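> Build me a model from this:
(one chain, ligands or ions: 2)
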Amino acid sequence: MSFVKLISDDFVKNCLEWKTLVPVIEKSLVDISIKNKSTIQPARLFMDIPDKQGLFLAMPSYSENDHALACKLVTSFPQNKSIGIPSVLANILLFDPITGKIKAIVEANRITAWRTAAASAVATKCMHKGSKDILAILGAGTQAESHALALKEMFDFKEVRIWNRTRERAKILASKLPFECTLFESNEECVKDADVICTATYAKEPILQDTWVKEGAHINAIGAGQNHHSELSEALYRKSYLVVDHMESAEKELAGLTQMGIDIKGEIGNYLNSSKTVPEDVTCTIFHNLGIAIEDLVTANFIYNKFTKGQK
Ligand SMILES: NC(=O)C1=CN([C@@H]2O[C@H](COP(=O)(O)OP(=O)(O)OC[C@H]3O[C@@H](n4cnc5c(N)ncnc54)[C@H](O)[C@@H]3O)[C@@H](O)[C@H]2O)C=CC1
Ligand SMILES: O=C(O)C1=NCCCC1
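Numbering: from 1, shown residues only. Ligands and ions are numbered 1, 2, ... in the order given. The predicted model follows:
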């Protein structure tokens, strides 16, 4: 008799480190940009839960190369924070890719935080060739934390800045990080002269304006859910070079942007494998990190392999 394996966030925590995860995520981003049937990932399903301002997402994917079939089920309930529960809660179901039989449920709160930040790190390395002295993070939640950790580890920024709507949360995040951070009262001051900016909030109105961002800066836009483009001002999009993780998802989730005539230049995988390059004369670069299922699949598969090895 075989049982479904249950793999907890505590186990995941002990398996993940940036230097091993980042290349795994990079490869998955390249794989998904190769349009053949060996890597499959449809645009995800969003279900609104309006009375709770919540979202339920189903994110299936398949990779022949990784010999893996998975579906992440994830909820986003921003109000959870007020009762001490993470806003984003996720589980990944892993299936046997030959029979379709379920083999594991991997708790994926940590995976979601880390794979997203790993994708931003990959995009930053690929799209931003300028200096990496100042990192500014807007937001102080789970994603802000993983982004601060990943980007500091990968690029050794001299200064890490944090702005949050409520300063108390920014203070809590700063106290958890294993390096010094500077806290800002104003988002405008926080991003001034920053080389790399990450936006990781639930803001429904822009928290980042074009006039605040220095020429040549790179922005990783992470937050906001179904309407994924509300953190950055329209003018900032218009003056920037915009790349996404997955075109098919962006056509759906960033439809608001394309309807305004803002051009999505391509998928990060095409830049990673050098079939496209970011022109040198662009004012700013934006990576729209929507978050894609293939990143969850490769990370969960990596964890599963560690888990089953440990059981032998
Ligand atoms: N791109 C991706 O792959 C992923 C994106 N997300 C998105 O990232 C964002 C942050 O998620 P978590 O860090 O998990 O949530 P969290 O609840 O841990 O942190 C949210 C942060 O946003 C701030 N915030 C909330 N409402 C705001 C507003 N109206 N204006 C300015 N700041 C506001 C809060 O103070 C907090 O610092 C969300 O929009 C979420 O949907 C989350 C997971 C994956
Ligand atoms: O990719 C994910 O996972 C999520 N993306 C946006 C909303 C919360 C979860």
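> Residue ranges in this protein under the pLDDT threshold?
For the chain, the stretches flagged by pLDDT under 70 are 1, 225-228, 312.
> how about the residues of it near ligand 2?
By C-beta under 6 Å from any ligand atom, the residues of the chain that approach ligand 2 are 57, 74, 76, 88, 90, 112, 225, 291. Where C-beta positions appear, they are placed from N, C-alpha and C, glycine not excepted.
> and the closest residue to the last one other than its chain neighbours, what is it in contact with?
Spatial nearest neighbour of residue 291, excluding adjacent residues (C-beta to C-beta, 6 or more residues apart in numbering): residue 116 at 5.5 Å. With contact set as C-beta atoms under 8 Å, 6 or more residues apart in numbering, residue 116 has these partners: 143, 146-147, 222, 289, 291, 295.
> Keep only those of those residues that are also close to ligand 1.
143, 222, 289, 291.
> out of those residues, which are buried?
143, 222, 289, 291 (16 or more other C-beta atoms under 10 Å).
> Which helix or strand contains residue 261?
If you go by DSSP states H and E, residue 261 is not part of any helix or strand.
> Tell me the spacing between it and residue 94.
According to C-beta to C-beta, to the nearest Å, residue 261 stands 41 Å off from residue 94.
> which one of those two has more residues nearby?
Higher neighbour count among residue 261 and residue 94: residue 94, with 23 against 8, using other C-beta atoms under 10 Å.
> Report the contact partners of that one.
Per C-beta under 8 Å, 6+ apart, neighbours of residue 94: 68-70, 102-106, 300-301, 304.
> same deal with residue 29?
Residue 29 is in contact with 119, 122, 245, 267-269, 272, 294-295, counting by C-beta under 8 Å, 6+ apart.
> would CSV of these with neighbour count and secondary structure be doable?
Formatted as CSV, these follow (neighbours: other C-beta atoms under 10 Å; DSSP: H, G, I helix; E, B strand; the rest coil):
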residue, neighbour count, secondary structure
119, 27, helix
122, 28, helix
245, 27, coil
267, 24, strand
268, 25, helix
269, 26, helix
272, 19, helix
294, 27, helix
295, 30, helix
